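here is a sequence with its predicted model. Questions after.
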Amino acid sequence: MPADSHLAIDLGASGGRVIAGQVIDGQLKLETSHRFGNGPVRMRNRLVWDSVGLWQHILSGLSTAAGQYSQVVSIGVDTWGVDYVLIDSDDVPLGPAFNYRDARTHGMFAKAFSLVPREEIFAATGVQFMEINTAYQLLSQSLSGSPALQHADAILLMGDFFHWLLTGRRSVEVTNASTTQLLDPQTGDWAWDLIGRLGLPTGMFASPIEPGTNLGLLDPDVAAATSLHDVPVIVPATHDTASAVLAVPANDFAPATPNWCYISSGTWSLMGCEIPRPIVNATVSELNFTNERGVGGSTRLLKNIGGLWIFQQIRAALQRRDISVTWDTMVRQAEAAPPLGLLIDPDDPSFVAPTDMIDAISAYAAATGQPPTTDHAALYRAALEGLALRYRTCLASLEKIVGGRIEVIHVVGGGSLNSLLCQMTSDACDRTVIAGPVEATATGNVLMQMIGCGRLSGVDEARALVRASFSPKLYRPKNTQPWDRAAERFANLRG
């Protein structure tokens, strides 16, 4: 008899997949039905997402899956955070989905703090300050007199937007809503006073829903286009990091004093602890950490880190120079390069959206008093070592906030395949690293659908299934002393 299949639509900042999850002989098996690229598109002077193209890929992937799996029992979407689509009262999108790297949020901190002091924004939301946050995107639209904002009847974050296309039902899922810097972390509802003081229209904010909610069956037109009939959409943790954290093979759920942390490693790295309730205090504010919602009412206390973006964009810059190189070659050459030469901070503002990443690194080296390099292997290694050093800094901050030593770092997502980066992380942080699962966001998406369908009882059973299904790779510290010296140089670079 065919196994029940749950279809995870997993959309990241650099690519998307439609993945089927099935439990066979007590193990979760994942198979990719459709894989496609994603990335910002420049329209005149703006950066936007190709949401129409993504929707076409989703339909294509669902159609393919319908031909592969006879027992599709649920579908759910997870995406990146902060970005959104505005919908009018006739259910028509009001313009494109802007990319969070678009320049429209530049300078919005000063304008926001003139309306609501920084400390009051943090007290209301518990979220770290990043200009990409939804709050500053919306403020930019408001201050520019955007007709789209004036006519908006609903705001849908990206996962909610695709759930709306799938079902016709509007919703706002709480884990992604918590990335906006407009949600009250204590209540899980919107921070209404803050929204009003920022001058944003309140009527477009629907009450957030929890992961596991059944949105109903696929819209008849979607069902006809995909041949998936009578299939419900079960909302996963729509923020991809929240889905990835659900897939961490830890033994305990949201401990009060955690002894493990996670790094969801991809274009972005999200490093943090899973805790039972938000921590909103002066230390968290000073260290600029964020309290985002997780599954089961938990809190993801974390820091956004630049991730593999620099590594990816070095390759893109080489391709524009007609130099082709594979990811494996980049890692192999980085491993052979001299260690800890050029140090770069992955969170330096100059790396957010440069025209050319190699040129940006050269300018950064000059600005920080370091010898520039044109050696490609040195650039690859610097991108990875900068991440490992940033993880070390973040680990120290996490331990300060939670008040205890973190013994294990779980690395999940695509970056867990990068054995060089995983060993660098273990050495830089002097901690054991457990790497895997690789497809963590899709795994967490499927697990939450199974919880929503009643096939799993909750997080503990979901994580037991992860441990039974995947074989993580263990990394232990080998050579920590050079990283101690490099950390001092790195701290001086960061000021």
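Arrived safely, thanks for sending.

give me the neighbour count for D460.
Neighbours of D460 under the rule other CB atoms under 10 Å: 13. Quick note: C-beta positions are derived from backbone N, CA and C, even for glycine.

run the chain-centre distance for the helix or strand that it is a member of.
Using DSSP states H and E, D460 sits within helix 459-469. Distance of helix 459-469 from its chain centroid, counting by CA atoms, centre = their mean, to the nearest Å, is 22 Å.

give the rounded mean pLDDT of it.
For helix 459-469, mean pLDDT rounds to 98.

how about P185, what does it touch?
Going by CB atoms under 8 Å, 6 or more residues apart in numbering, P185 touches 125-127, 178, 278, 280, 291, 293, 299.

what about 6 Å?
P185 makes contact with 126, 278, 291, according to CB atoms under 6 Å, 6 or more residues apart in numbering.

surely A435 is in contact with I409?
No. Between A435 and I409 there is no contact under CB atoms under 6 Å: 9.2 Å.

the more surrounded of those two?
Neighbours per residue (other CB under 10 Å) separate A435 from I409, with A435 holding more: 26 against 23.

phi and psi next, for the residue nearest to H151 when sequence neighbours are not counted.
Nearest residue to H151, sequence neighbours excluded (CB to CB, 6 or more residues apart in numbering): D88, at 5.2 Å. When read as degrees, to the nearest 10, the backbone of D88 gives phi -90, psi -180.

likewise T180?
phi -70, psi -20.

where do the helices of the stretch 351-495 of the chain begin and end?
357-367, 376-402, 419-429, 440-452, 459-469, 481-494 (DSSP state H, counting those that start in this stretch).

those helices: lowest mean pLDDT?
Looking over the helices of the stretch 351-495 of the chain, mean pLDDT reaches its minimum on helix 481-494, with a mean of 94.

so which elements touch it?
Packed against helix 481-494, as judged by 3 or more CB pairs under 6 Å, 6 or more residues apart in numbering; DSSP states H and E, are no other helices or strands.

in it, what's buried?
483, 486-487, 490, 493 (16 or more other CB atoms under 10 Å).

okay, the helices of the stretch 351-495 of the chain, which one's buried deepest?
helix 440-452 (a mean of 29; mean count of other CB atoms under 10 Å).

quick one, that one and helix 459-469 angle?
130 degrees (axes from the mean of the first three to the mean of the last three CA atoms, to 10 degrees).

hmm, back to that, just put the helices of the stretch 351-495 of the chain in CSV and tack on distance to T326.
Formatted as CSV, the helices of the stretch 351-495 of the chain follow (distance: least, CB to CB, whole Å):
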stretch, distance to T326
helix 357-367, 17
helix 376-402, 12
helix 419-429, 14
helix 440-452, 23
helix 459-469, 29
helix 481-494, 28
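
S265 is nearest to which of these?
S265 lies closest to helix 419-429 among the helices of the stretch 351-495 of the chain, at 7.6 Å (CB to CB).

and that closest one, what does it pack onto?
Using 3+ CB pairs under 6 Å, 6+ apart: helix 419-429 touches helix 376-402, strand 432-435, strand 473-475.

next one: the longest one to chain centre, how far?
Averaged C-alpha coordinates place helix 376-402 at 17 Å from its chain's average position (CA atoms, centre = their mean).

can you start the count at 58 instead of 1 from here on
Understood, numbering begins at 58; the last thing we discussed is helix 433-459.

show me what that helix is packed up against.
Using 3+ CB pairs under 6 Å, 6+ apart, helix 433-459 sits against strand 326-332, helix 339-344, helix 366-377, helix 384-393, helix 476-486.

now do 7 Å
strand 317-322, strand 326-332, helix 339-344, strand 356-362, helix 366-377, helix 384-393, helix 476-486, helix 538-551 (3 or more CB pairs under 7 Å, 6 or more residues apart in numbering; DSSP states H and E).

indicate which one of the ones you listed is closest to D250.
Of the helices and strands packed on helix 433-459, nearest to D250 by CB to CB is helix 339-344, at 18.2 Å.

before we move on, back to that, now the helix holding D517 and strand 326-332, what's the angle there?
Relative orientation of helix 516-526 versus strand 326-332 (the same axes, to 10 degrees): 130 degrees.

now D287: closest residue in space that isn't a chain neighbour?
Spatial nearest neighbour of D287, chain neighbours left out: L274 (6.0 Å); criterion: CB to CB, 6+ apart.

meant to ask about I401, not that
The shortest distance from I401 to any non-neighbouring residue, by CB to CB, 6+ apart, is to G443 (4.4 Å).

separation between the one you found and L344?
Separation of G443 from L344 (CB to CB, to the nearest Å) stands at 19 Å.

how about P277?
50 Å.

and if you look at P204?
Distance from P204 to L344, by CB to CB: 39 Å.

ok, these two, which is more surrounded?
For P204 versus L344, the count of surrounding residues by other CB under 10 Å is larger for L344: 16 against 11.

so where's this structure shaky on pLDDT?
Regions of the chain meeting the criterion pLDDT under 70 cover residues 58, 552.

ok, residues contacting stretch 419-436?
371, 390-391, 393-394, 398-401, 405, 407, 415, 418, 550 (CB atoms under 7 Å, 6 or more residues apart in numbering).

redo that, cut-off 6 Å
371, 390-391, 394, 399, 401, 407, 550.

please apply the same query to stretch 106-113.
By CB under 6 Å, 6+ apart, stretch 106-113 touches 98, 154, 156, 222.

so what sits opposite the nearest residue to A307 once chain neighbours are set aside in the bridge?
For A307, the nearest residue in space outside its immediate sequence neighbours is W317; the separation is 5.5 Å by CB to CB, 6+ apart. When bridges are called by DSSP bridges, W317 pairs up with V465.

W317: how many residues sit nearby?
W317 has 19 neighbours, counted by other CB under 10 Å.

please report how far it lies from L452.
Taken as CB to CB, the span from W317 to L452 is 11 Å.

could you give the number of residues near the closest residue to G96 other than its chain neighbours?
Leaving aside its chain neighbours, G96 sits nearest to S71 (6.0 Å; criterion: CB to CB, 6+ apart). For S71, the neighbour count with other CB under 10 Å is 15.

V352 contacts A304, correct?
No. Using CB under 6 Å, V352 makes no contact with A304, being 10.5 Å away.

so these two - more neighbours on which side?
The residue with more neighbours, out of V352 and A304, is A304; 32 against 27, by other CB under 10 Å.
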